[in-house]
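Participant: Got a predicted structure plus its sequence, pasted below:
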Amino acid sequence: MKYTALLTSMLLSASSLAQAQSTLTLWHIQTQPGAKKIIQDAVDRFTKANPSVKVEVTPIANDTYKTKLKIAVGANDAPCIFTSWGGGPLYEYIKSNQVLDLTSYLKKDAAFKNRFVPASFSAVTFGNKVYGIPSENTSVAVVLYNKALFKQYNQTPPKTWDDLLKLVAFFKTKNVSAFSLANKPRWPGSMFYGYLVDRIGGPQVFSDAVTRENGGSFANPVFVKAGSMLQDLVKAGAFAQGYNGLDYDSGASRQLLYSGRAAMELMGTWEISTIASENPAFAKNIDFFPFPAVAGGKGNPNNVLGTVGDNFFSVSKSCKNPDAAYKLLTYLTDEQSVQGRVADNRLPPMKNLKLTDPVLIKIANTVARAPSVQLWYDQDLSPQLGQLHLDTSQALLGLSTTPQAAADQMETLAKKLAK
Amino acid sequence: MSLVTERIRPQATLIQQTRRSNALVAAVFLLPAVLLLLLFLLYPLLANFRLSFVEWNGLGNTAKFVGLQNWVQLVHDPVFLRAILNNLTLAALSILIQLPLGLTLAFMLDKAGRGSVVLKVLYFLPLLMSSVAIGTIFKNLYDPNFGPLNAVLRAAHLDGLARDWLGDPALAMASVILVVCWQNIPFYMLLFLAGLSGMPAELREAATLDGASESVIFRRITIPFLQGTIRTALVLSLIGSLRYFDLIFVMTGGGPSGSSEVMATYMYRTVFSGFNIGYGAAISSAMFVIVIIASALTLRATRRFETEV
């Protein structure tokens, strides 16, 4: 009796061990049917070629995912393959020795790596080591605008900040808000700040402040200037009422565009496909232009804020079968997956993409022209600084802090964290 | 002498024995509950206090002991102080609005008797809805551009009153508190209804015979009779307000610029968006201490009130 129990428990543990060795867990956030299927199809191709390996795929909704992954990793129960946005938050995981360095795999597999746009690895490269594979999309912030409304009032997209302010004043006389902004989640407003910093001082100002190199500092006058220009825009009445309390996820900013109450929105290019599926009749009125230049500014007006690769797959250190995990990554970004994503109106970060959709082509050209692609501030910064940046940019937009105070707050925390 | 002891001894041991076995039985019956409490209440509580002394991003074995640093930072943190103030405002307004209204509704429904069943169900409805649903509904009602609230105000030519309800730092907290009240009044109504139904009809009859007016009956009999219930409601409302989270998280996320931040939303943001576990643990431990002190004070204060009446 005793022996049987012992034997069963041994058998049980042996089988669970065997299972652990041949099971890969994969967490991702593509919950839309199309995007989800592309991943599932790639997994199916992988398991067909590698029948000894089982893959458990778990799609998780965006916001819950961030919390869930953190708890799973903290409890030493990380999935084998997980998705991230690169940048500061991913670096937290890397610092805690949770993410597998993929450099050696990619070195051996140059043909695979060279298919990607080189810039796409920048958000997942730390100290010359690559910790992720870019997969889903290229999204940059652009100014979406209502073509029909512009035509009706005989206006053209502004090239410079001064043009923009004139446009704001013009729309005000027509009782139309220049911009719709849904800044409850705080990251949509952060895009204005990020672009202003770039246009005034060039991309180096922010990256030096982040790395604390070349005397970089968040108290740099460029940040203060960006804050005060942002507040100029607010004071000019550029934003539709309620901008700091509207919820982006429930579509509050798009409602304003649809109803013609607002003429423009600074947003990631993903919103173009959101509009296409949400309001196809309105979608033909939508076009976009790059964030305007600032007179006398150092930043190239072709620079963009956004992400090349959006959603990067990484392998966790605790994965029992890293070789198989890497192999699965190559399936997730293979040619078939890439074609699937293009068909699903996304722009995977690959070279020589064959595009037919005019909007996708325009986005691709915008990115190709850009001398610098700065990752979203809140994703590039370490989590604590990122949160403070979001708070201070929302406060700047609400006119409840001064540009100097916001910059000083950032610098104080950056100094403290750098210690 | 010896006779007495002989007679007493067996009896004493018998009592002792029954006492001992009674204690044993009690212990056995209490054990599961005590074990569960220790495991799921006391242990996490202490573990949380321990976490408040480290600096940790929550991933891997990178926790660093930093002593009282988190606590020192906490007492100087303007965001946290603002959050406490918001919690206290919420508590004060909850008690001042929810309890009297709940009591009034309960009193009227109780008087109306059987005829009020439909109203009882209607008033009870908000309590059955999930906070996320309520938050989403009111977010739409409050929407400054398309929301019915501003539309009604404008239609009534009260344009001056149409506001940016959730986006204006001066209004966001008040706007949310109104919704919190809307959601919770039915709970207190129910609590007081239960209290009232326990009131013997003879009390009221006797008072009426003695010529007491309605208001005197209410003040002199009903209120004192409900004393225990009122105390419970006070403490529940206070504790609930001090650890409040859901509607604020759904409707404003603590914003704009921290104007509606409460301790719990600040803790959540610190831990889950800021990866700052140690500081988050300090916030939640401080919350625990504040709630304990506040409820102890309330219980004490209301006990004195009880003896005076």
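Facilitator: Alright, I've got the coordinates.
Participant: Okay, and the residue sitting nearest the centre point of chain B sits in which element?
Facilitator: In chain B, the residue lying closest to the centroid (C-alpha atoms, centre = their mean) is residue B:240, at 1.9 Å. Assignment of secondary structure by DSSP states H and E places residue B:240 within helix B:227-242.
Participant: just checking, next helix/strand downstream of that helix?
Facilitator: Assigned by DSSP H and E, the successor of helix B:227-242 is helix B:246-251.
Participant: So which elements touch the helix or strand following that next one?
Facilitator: Downstream of helix B:246-251, the first helix or strand assigned by DSSP H and E is helix B:263-268. Contacts defined by 3 or more C-beta pairs under 8 Å, 6 or more residues apart in numbering or on different chains; DSSP states H and E place helix B:263-268 against helix B:78-93, helix B:246-251, helix B:277-308. For glycine as for every other residue, the C-beta is placed from the backbone atoms N, C-alpha and C.
Participant: now these in CSV, with distance to chain A, mean neighbour count and mean pLDDT?
Facilitator: Output for the helices and strands packed on helix B:263-268, formatted as CSV (distance: least, C-beta to the nearest C-beta, whole Å; neighbours: other C-beta atoms under 10 Å in any protein chain shown; pLDDT from 0 to 100):
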stretch, distance to chain A, mean neighbour count, mean pLDDT
helix B:78-93, 8, 18, 95
helix B:246-251, 9, 22, 93
helix B:277-308, 8, 16, 86
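Participant: Quick one: closest of these to residue A:144.
Facilitator: helix B:246-251 (26.7 Å; C-beta to C-beta).
Participant: Grab the CA positions of the closest one and hand them over as CSV.
Facilitator: Taking C-alpha atoms only, helix B:246-251 is exported to CSV below (Å, rounded to 0.1, in the frame of the first residue of the first chain):
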residue,chain,number,x,y,z
ASP,B,246,-13.3,51.0,-7.3
LEU,B,247,-15.4,53.9,-8.5
ILE,B,248,-12.5,56.3,-8.4
PHE,B,249,-10.3,53.9,-10.2
VAL,B,250,-12.9,53.5,-12.9
MET,B,251,-14.1,57.1,-13.3
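Participant: Give me the contacts around that helix.
Facilitator: With contact meaning C-beta atoms under 8 Å, 6 or more residues apart in numbering or on different chains, helix B:246-251 is reached by B:131-132, B:134-136, B:138-139, B:166, B:175-176, B:179-180, B:183, B:254, B:260, B:262, B:264-265, B:268.
Participant: dump the residue contacts of the one residue in chain B that gets nearest to chain A.
Facilitator: Nearest residue of chain B to chain A: residue B:167, at 2.8 Å (C-beta to the nearest C-beta). With contacts defined as C-beta under 8 Å, 6+ apart, residue B:167 is in contact with A:184, A:241-246, A:398, B:144, B:256.
Participant: from these, which is closest to residue B:115?
Facilitator: Closest approach between those and residue B:115, by C-beta to C-beta: residue B:144, at 40.9 Å.
Participant: Let me see the contact set for the closest one.
Facilitator: By C-beta under 8 Å, 6+ apart, the neighbours of residue B:144 are A:241-242, A:245-246, B:150, B:162-165, B:167.
Participant: Of those residues, just say which sits nearest to residue A:198.
Facilitator: For the contacts of residue B:144, the nearest to residue A:198 is residue A:246 (25.2 Å; C-beta to C-beta).
Participant: Does that closest one touch residue A:254 like I think?
Facilitator: No. If you go by C-beta atoms under 8 Å, residue A:246 and residue A:254 don't touch, sitting 10.4 Å apart.
Participant: So the two - more neighbours on which side?
Facilitator: Using other C-beta atoms under 10 Å in any protein chain shown as the criterion, residue A:246 and residue A:254 rank with residue A:246 on top: 29 against 22.
Participant: how's chain A carved up into domains?
Facilitator: Following automatic domain parsing, one gets these domains for chain A: A:2-131+A:310-348, A:139-306+A:375-418.
Participant: Mean pLDDT and distance to chain B for these - can I get that in TSV?
Facilitator: Formatted as TSV, these follow (pLDDT from 0 to 100; distance: least, C-beta to the nearest C-beta, whole Å):
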stretch	mean pLDDT	distance to chain B
domain A:2-131+A:310-348	87	4
domain A:139-306+A:375-418	94	3
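Participant: which one of the ones you listed is the most hemmed in?
Facilitator: domain A:139-306+A:375-418 (a mean of 20; mean count of other C-beta atoms under 10 Å in any protein chain shown).
Participant: Please give the centre-to-centre distance between that domain and its chain.
Facilitator: 15 Å (C-alpha atoms, centre = their mean, to the nearest Å).
Participant: Narrow the contacts of helix B:246-251 to just the buried residues.
Facilitator: B:131, B:134-135, B:138-139, B:166, B:175-176, B:179-180, B:183, B:254, B:260, B:262, B:264-265, B:268 (16 or more other C-beta atoms under 10 Å in any protein chain shown).
Participant: Kindly reformat the helices and strands packed on helix B:263-268 as JSON lines and extend each row with distance to residue A:76.
Facilitator: Output for these, formatted as JSON lines (distance: least, C-beta to C-beta, whole Å):
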{"stretch": "helix B:78-93", "distance to residue A:76": "31"}
{"stretch": "helix B:246-251", "distance to residue A:76": "28"}
{"stretch": "helix B:277-308", "distance to residue A:76": "15"}
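Participant: Residue A:324 contacts residue A:25, correct?
Facilitator: No. Between residue A:324 and residue A:25 there is no contact, the gap being 11.7 Å when judged by C-beta under 8 Å.
Participant: Could I get the contacting residues of residue 288?
Facilitator: All of this is about chain A. Residues near residue A:288 by C-beta under 8 Å, 6+ apart: A:142-145, A:269, A:272, A:362.
Participant: wrong one, I was asking about chain B
Facilitator: Per C-beta under 8 Å, 6+ apart, neighbours of residue B:288: B:45, B:48.
Participant: 10 Å - rerun?
Facilitator: Applying C-beta atoms under 10 Å, 6 or more residues apart in numbering or on different chains to residue B:288 gives the contacts B:45, B:48-49, B:242-243.
Participant: How about residue A:326?
Facilitator: Residue A:326 neighbours (C-beta under 10 Å, 6+ apart): A:81, A:100, A:102, A:104-106, A:108-109, A:112, A:133, A:313, A:315, A:319.
Participant: got TSV for those residues, with secondary structure too?
Facilitator: Output for the contacts of residue A:326, formatted as TSV (DSSP: H, G, I helix; E, B strand; the rest coil):
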residue	secondary structure
A:81	strand
A:100	coil
A:102	coil
A:104	helix
A:105	helix
A:106	helix
A:108	helix
A:109	coil
A:112	helix
A:133	strand
A:313	strand
A:315	strand
A:319	coil
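Participant: mind listing the strands for chain A?
Facilitator: Assigned by DSSP state E, chain A shows strands spanning A:23-28, A:54-59, A:81-84, A:125-126, A:129-130, A:133-134, A:138-146, A:177-179, A:262-268, A:286-289, A:304-308, A:312-315, A:373-374.
Participant: The longest one: partners in the sheet, and parallel or antiparallel?
Facilitator: Spelled out, that is strand A:138-146. strand A:262-268 (antiparallel), strand A:286-289 (antiparallel), strand A:304-308 (antiparallel) (DSSP bridges).
Participant: For the nearest residue to residue A:384 once chain neighbours are set aside, grab the count of nearby residues.
Facilitator: Closest residue to residue A:384 apart from its sequence neighbours, by C-beta to C-beta, 6 or more residues apart in numbering or on different chains: residue B:274 at 4.7 Å. Residues near residue B:274, counting by other C-beta under 10 Å, number 20.
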